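Enquirer: Build me a model:
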Amino acid sequence: MPLPEHDTRPRQQVGRSNLRRAGKTLSLTRETVVAQLGDKASAKRRSAARRLGRSPDVTAGPALLDALRRETGDPRTWETQYEMVMALGACAYGPAVGFLSELARRPTEHTALHVAVGDALLRLRGPGEGAAALEWCLGHRNPALADGALRAVAALAPPLDATTVDRVLDFLDPLDRFDGLRYWAAVAARDWPGDRVRAFLDSCAAGPRADVADAAAAALERRRR
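Expert: Modelled structure (predicted):
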């Protein structure tokens, strides 16, 4: 297709110009989103964090962490804090680990916040540190923190040795068979080593919760391949 008559530039030059304009637009959008983290309205701050979680950008990490530090002073905005924590994990901003570890130790009635912290801590650790991060979360005996960590393990599938797997199963064994914490473990167990894993999955597959049973059945099927 020929270029429009009013544009006499070479086709390659037009393409580069369009890319520059597109890059400038994306940059401005990112700057706008980061600036919105400081908006007076919690809903707008939450929206900005959610957008950064959907479109991760590590360069937004410092602003996100600063915003979260300010946000945690107001327990009423826990939903905004949740989105900021999740965004930090998605953006892979490693310097947030220290503050998130501190948040994990703070008591809160909003358990979803600790779920986000557990998820983010796993995502922010290096490829070989997943097992240590998971054990750290389990060691706090906080179901919400463990739930988030297991969700991230199911999504990321970090390599776990048999010792770490045994510690996960030790954490889960005393729980009621209706406890939803078993779900993400059943999903992740498709790749776990150790003799106890098959027994755990068989127990979940025969259990009373349909979501856990279905996840365990899928994991068992994959392990047979």
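Enquirer: now the end-to-end length of stretch 188-203.
Expert: Stretch 188-203 has an end-to-end distance of 15 Å (C-alpha to C-alpha, to the nearest Å).
Enquirer: what comes into contact with that stretch?
Expert: With C-beta atoms under 8 Å, 6 or more residues apart in numbering as the test, stretch 188-203 has contacts from 150, 153-154, 157, 160-162, 165-166, 169, 172, 177, 185-186, 216, 218-220, 222-223. To be clear about C-beta, it is placed using only N, CA and C from the backbone, and glycine gets the same treatment.
Enquirer: hmm, try it at 7 Å
Expert: Outside stretch 188-203, the residues within contact range by C-beta atoms under 7 Å, 6 or more residues apart in numbering are 150, 153-154, 157, 160-162, 165-166, 169, 186, 216, 219-220, 222-223.
Enquirer: That one: which residues count as buried?
Expert: Of the residues in stretch 188-203, 188-192, 194, 196-197, 200-201, 203 count as buried by neighbour count, 16 or more other C-beta atoms under 10 Å.
Enquirer: Which pair in those residues has the greatest spatial separation?
Expert: Asp191 and Ser203 (18.3 Å; C-beta to C-beta).
Enquirer: Inside helices: which ones of the buried residues of stretch 188-203?
Expert: 188, 196-197, 200-201, 203 (DSSP state H).
Enquirer: which of the buried residues of stretch 188-203 lies closest to Ala49?
Expert: Ala188 (26.3 Å).
Enquirer: how much space between that closest one and Ala133?
Expert: Ala188 sits 14 Å away from Ala133, going by C-beta to C-beta, to the nearest Å.
Enquirer: follow-up on the earlier one: just the ones of the contacts of stretch 188-203 in helices?
Expert: 150, 153-154, 162, 165-166, 169, 186, 216, 219-220, 222-223.
Enquirer: biggest separation within those residues, which pair?
Expert: Those two in the ones in helices among the contacts of stretch 188-203 that are separated most widely, counting by C-beta to C-beta, are Asp166 and Arg222, at 20.7 Å.
Enquirer: So if I had to pick from the two, which one is more boxed in?
Expert: Asp166 (16 against 11; other C-beta atoms under 10 Å).
Enquirer: Helix or strand: which one has Cys137?
Expert: Element membership for Cys137 (DSSP states H and E) is helix 130-139.
Enquirer: now Ser101
Expert: Secondary structure assignment for Ser101, by DSSP H and E: helix 97-105.
Enquirer: Check the offset of the helix or strand following that helix from the chain's centre.
Expert: Note on helix 97-105: by DSSP H and E, the next helix or strand toward the C-terminus is helix 111-124. Counting by C-alpha atoms, centre = their mean, to the nearest Å, helix 111-124 is centred 7 Å from the centre of its parent chain.
Enquirer: Report the separation between the two terminal residues of stretch 162-180.
Expert: 23 Å.
Enquirer: just stretch 129-145 next, same as before
Expert: Stretch 129-145 end-to-end distance (C-alpha to C-alpha) = 17 Å.
Enquirer: And stretch 73-80, by the same measure?
Expert: 12 Å.
Enquirer: Arrange the buried residues of stretch 188-203 in a markdown table, one row each, with pLDDT and distance to Gly89 as further columns.
Expert: Listed next are the buried residues of stretch 188-203 as a markdown table, based on pLDDT from 0 to 100; distance: C-beta to C-beta, whole Å:
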| residue | pLDDT | distance to Gly89 |
| --- | --- | --- |
| Ala188 | 95 | 17 |
| Ala189 | 95 | 22 |
| Arg190 | 91 | 22 |
| Asp191 | 87 | 21 |
| Trp192 | 93 | 22 |
| Gly194 | 82 | 27 |
| Arg196 | 93 | 29 |
| Val197 | 96 | 26 |
| Phe200 | 96 | 27 |
| Leu201 | 96 | 27 |
| Ser203 | 95 | 30 |
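Enquirer: Having no further points to raise, I will conclude here.
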